[in-house]
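Asker: With the input below, show me the fold.
(2 chains)
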Amino acid sequence: MTNYAFGRSNPSPAQARPVGFKPSALLATGLLVMSLALACLVLPSAGAVAQEQPAVANTVGTAPDGSKTHGGQEATKDDMGKYTMSDGTPTYRIAPDGTMDWFAYSGYRRYHAECHVCHGPDGMGSSYAPALANSLKTLSYEQFTEVVVNGKKTVGVGTADQVMPAFGENLNVMCYLDDLYVYLKARADGALDRTRPSKREDKTKAYGDNENQCFGRK
Amino acid sequence: MRKLACAALLLGVAVYAWPAAANDGLTKIIKDPKQWGIQTGDYANTRYSKLDQINAGNVGKMQVAWSFSTGVLRGHEGGPLVIGDVMYVHTPFPNIVYALDLNDDGKIIWKYEPKQDPNVIPVMCCDTVNRGLAFSDGMIYLHQADTTLVALDAKTGEKKWSVVNGDPKKGETNTATVMPVKDKVIVGISGGEFGVRCHVTAYDSKTGKQVWRGFSMGPDNEMLVDPQKTTALGKPIGPDSSLKSWEGDQWKIGGGCTWGWYSYDPETNLVYYGSGNPSTWNPKQRPGDNKWSMTIWARDADTGMAKWVYQMTPHDEWDYDGVNEMILTDQQFNGAPRKLLTHFDRNGFGYTLDRVTGELLVAEKYDPSVNWATKVDMDKASPTFGRPLVVAQYSTEQNGEDVNSKGICPAALGTKDQQPAAFSPKTNLFYVPTNHVCMDYEPFRVSYTAGQPYVGATLSMFPAPNSHGGMGNFIAWDNTKGKIVWSLKEPFSVWSGALATAGDVVFYGTLEGYLKAVDSKTGKELYKFKTPSGIIGNVTTYEHGGKQYIAVLSGVGGWAGIGLAAGLTDPNAGLGAVGGYAALSSYTNLGGQLTVFALPN
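Answerer: This is a model prediction of the structure:
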């Protein structure tokens, strides 16, 4: 791993981590461990009260404010236009009037430039790479991040060799990691069909600034 | 005893020299219709065979004679070679080579499996396909995914030499076959989506030593062009023709890759091929004509020096690679015999040129849905002579970054991709496998990192609207008039190379897995058989033991395996459109098989 620019816990001033730009391999691994630990703590009690209070549904739901989010969880918006759930995981958000958040739209665009040549249109998969609209049903945000940063290999006898490159050094991917996740989660949850999000929130100035900073542009 | 040993030794030498024709060079093998000595059928790339045992009258009775599993489950492009009594079959990555004994039901004589770093897999755009082996003078040439060119003893599979043509860490890979010409092997390279500056290289066929290399862009001496002698549309290209057409040093990551088919005319001693898209797909990031991407090249086989060039799509805005095959024919044109070059470009225009001079004769749409340009300007007095007249609505350059240009036809995969057409001198028609797919295309800014994708556009593809709903056609084309003679609707893109024969039959494969035979005059379907997997390979024919065989590789994948495997939707048609053209996965699955057909005894 020579993933230098992204989310080191102590970035050098020259490579300062953009505001709200969180993933990194190290951090992700840490989060993964943490979330596993949390899961261990939470699961028994969750199981005990499963009847009355089911865990957050792994699908699209209606949030208290009437919008559609992952599991219907309440999501807070930051100045970049990103919606985050209480556990810190980004989510898509479709307003009651059908307006989609900027990240899901941006993720659609980036997906169909960087990812679809292997993973197929709309996350539907190809003859040699899995359908991410399916994978994201089970893959956590941390796992997703880990695979994108570090890549993945399934090579062996009797299989169609599958190798995903490490995108940790690819700014065109890394600067849009959350966008990609949010878009694919919307696809996996069935919140977004095989269409280009049409009605959407605008790109914010903070998002543009962050984008430029991520690319090292002025 | 001594005499016997001596005889045995002589016999050994004789056996080593077999097949006898091999030492007489590739040209003789190509002239023998019983063999299939080169991927393209002949140097002219006609994919035409003089064999006529299987013909329009009896092809309906054709049956499977034997089959062979390659053991690899990825996209199988290209086809087998038949040299003497041996068939040579290749596979996608890991690029295994099998020599099969046609005298013994395809028993494996030898197998060669190179060791390659699997990290090359994701650097290859659009699956790990390989378009096949080449042969000359007792040697089988394998051009691996990682750009290693290997010469194998055709008799034993023993490696004679190898040379590395590029660096996968920079995004340089290979999917193409190579073309042996005289004492050289002509070799291309891929990597247009990774900002590679691509080139064509000639290696000495005996030793693997590099003889010449011509880049698609850059300084004149590196492109092997002569500012005064190399012409474009009849005029000298002048000094620094490429450098002047790029901003700054963007030509250094300019693309123009050379992964298509090559043809060769022994009379002019010219090698013909096309260069691919300029990097990136975002046209705003690379102002200028981006020469000489998207160009038909004619290079001297001995020196590499370019005689003429013709850029079909200056300043590409749609990823219309110019790499498709150049088919060389001698035909009547306007009442006079002409040496022609016919090329079905990704951009949807079928071009006919004089292959000696590079004069542009015909440029017409070979799919009626093509809309990004009204026509190619054929007025020699016009300042835009030879250039496509781009429709503003479909110009991703004029619409700009972050704007979604909708309904552009064809899609980036082109009206035709690499799947090669065939030409029959009996009908004077070209038989062309095509895509009938359109797209929305939105370019945006990207940054370059060596060895990482450098794309810069979002696109979504869908079947051509207001048409038959399918994503492909198989057409017969008159290259002198620029007209479609007949057209067969196909539910999916036709991604298989065609074969035309003296038996008045044309063969092609489909993505659902059918091998089809149609009448060369009318297009009437005469035969079809469903093989185990989708066909993106090219149809081959040969004769063995007095019997004509038809062979084709099955194994769905390639670019066709991306969009089409999942099924395409028309975003303009709204939800539920997918039902009209269900996913290819409803028809076929991964595979890797050679199927060989013949008439029953």
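Asker: And for B:M305, the neighbour number?
Answerer: A count of nearby residues for B:M305, using other CB atoms under 10 Å in any protein chain shown, gives 17. Using the backbone N, CA and C atoms, a C-beta is placed for each residue, glycine as well.
Asker: And the one 4 residues further on, by the same measure?
Answerer: Applying other CB under 10 Å, we find 24 other residues in the vicinity of B:V309.
Asker: Who are the contact partners of it?
Answerer: B:225, B:230-232, B:237, B:292, B:295-298, B:358 (CB atoms under 8 Å, 6 or more residues apart in numbering or on different chains).
Asker: Which of the helices and strands in chain A ranks last by mean pLDDT?
Answerer: Between all helices and strands in chain A, the lowest mean by mean pLDDT, DSSP states H and E belongs to helix A:25-48, at a mean of 36.
Asker: What residue, apart from its backbone neighbours, is nearest B:W246 spatially?
Answerer: Among residues not flanking B:W246 along the chain, B:G288 sits closest, at 5.1 Å (CB to CB, 6 or more residues apart in numbering or on different chains).
Asker: what do you get for B:K516?
Answerer: B:K528 (4.6 Å).
Asker: ok, the one you found touching B:A517?
Answerer: Yes. Contact criterion CB atoms under 8 Å: B:K528 and B:A517 qualify, at 7.3 Å.
Asker: sorry, back to before: any idea how far chain A is from the residue nearest to B:K516?
Answerer: B:K528 is 22 Å from chain A, where distance means CB to the nearest CB, to the nearest Å.
Asker: Am I right that that residue sits in a strand?
Answerer: Yes. B:K528 sits within a strand when classified using DSSP: H, G, I helix; E, B strand; the rest coil.
Asker: what's the burial count for it?
Answerer: Using other CB under 10 Å, B:K528 has 16 neighbouring residues.
Asker: Just the pLDDT at it, thanks.
Answerer: Looking at B:K528, its pLDDT reads 98.
Asker: what's it in contact with, if anything?
Answerer: Contacts of B:K528 by CB under 8 Å, 6+ apart are B:514-517.
Asker: Quick check: residues of chain A near chain B?
Answerer: A:108-114, A:116-118, A:120-122, A:124-128, A:131, A:151, A:153, A:155, A:159-165, A:167, A:169-172, A:193-196, A:215 (CB under 8 Å from any CB of the partner chain).
Asker: Just those residues: which are in helices?
Answerer: A:108-110, A:116-118, A:171-172, A:215 (DSSP state H).
Asker: Leaving out sequence neighbours, find the closest residue to the most centrally placed residue in chain A.
Answerer: Central residue of chain A (CA atoms, centre = their mean): A:Y181, 2.0 Å from the mean position. Excluding the flanking residues, the one nearest A:Y181 by CB to CB, 6+ apart is A:F144, at 5.5 Å.
Asker: Surely that neighbour and A:L136 touch.
Answerer: Yes. Counting by CB under 8 Å, A:F144 touches A:L136, with 6.8 Å between them.
Asker: Comparing the two, which shows the higher neighbour count?
Answerer: More crowded of A:F144 and A:L136, by other CB under 10 Å: A:L136, with 23 against 20.
Asker: Can you tell me how far the closest residue to B:P433 other than its chain neighbours is from B:G208?
Answerer: Excluding the flanking residues, the one nearest B:P433 by CB to CB, 6+ apart is B:V494, at 3.5 Å. Distance, B:V494 to B:G208, by CB to CB, to the nearest Å: 36 Å.
Asker: Looking at these two, which one has more neighbours?
Answerer: Counting neighbours by other CB under 10 Å for B:V494 and for B:G208 shows that B:V494 has the greater number, 29 against 17.
Asker: Could I get the full set of helices for chain B?
Answerer: Counting by DSSP H, the helices of chain B are B:2-17, B:26-31, B:220-223, B:396-399, B:560-566.
Asker: weakest of these in terms of mean pLDDT?
Answerer: Per-stretch mean pLDDT for those is lowest at helix B:2-17 (a mean of 40).
Asker: could I get the contacts of B:K528 as TSV with pLDDT?
Answerer: Shown next, in TSV, are those (pLDDT from 0 to 100):
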residue	pLDDT
B:Y514	98
B:L515	98
B:K516	98
B:A517	98
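Asker: now for these, which pair is the farthest apart?
Answerer: Distance extremes for these: the farthest pair is B:Y514 and B:A517 at 10.1 Å, using CB to CB.
Asker: Please identify which of those two sits among more neighbours.
Answerer: Counted by other CB under 10 Å, B:Y514 and B:A517 do not tie: B:A517 has more neighbours, with 27 against 21.
Asker: Pull out the buried positions in stretch A:210-218.
Answerer: A:210-211, A:213-215 (16 or more other CB atoms under 10 Å in any protein chain shown).
Asker: averaged over its residues, what pLDDT does it have?
Answerer: 88.
Asker: Next: stretch A:82-90.
Answerer: 95.
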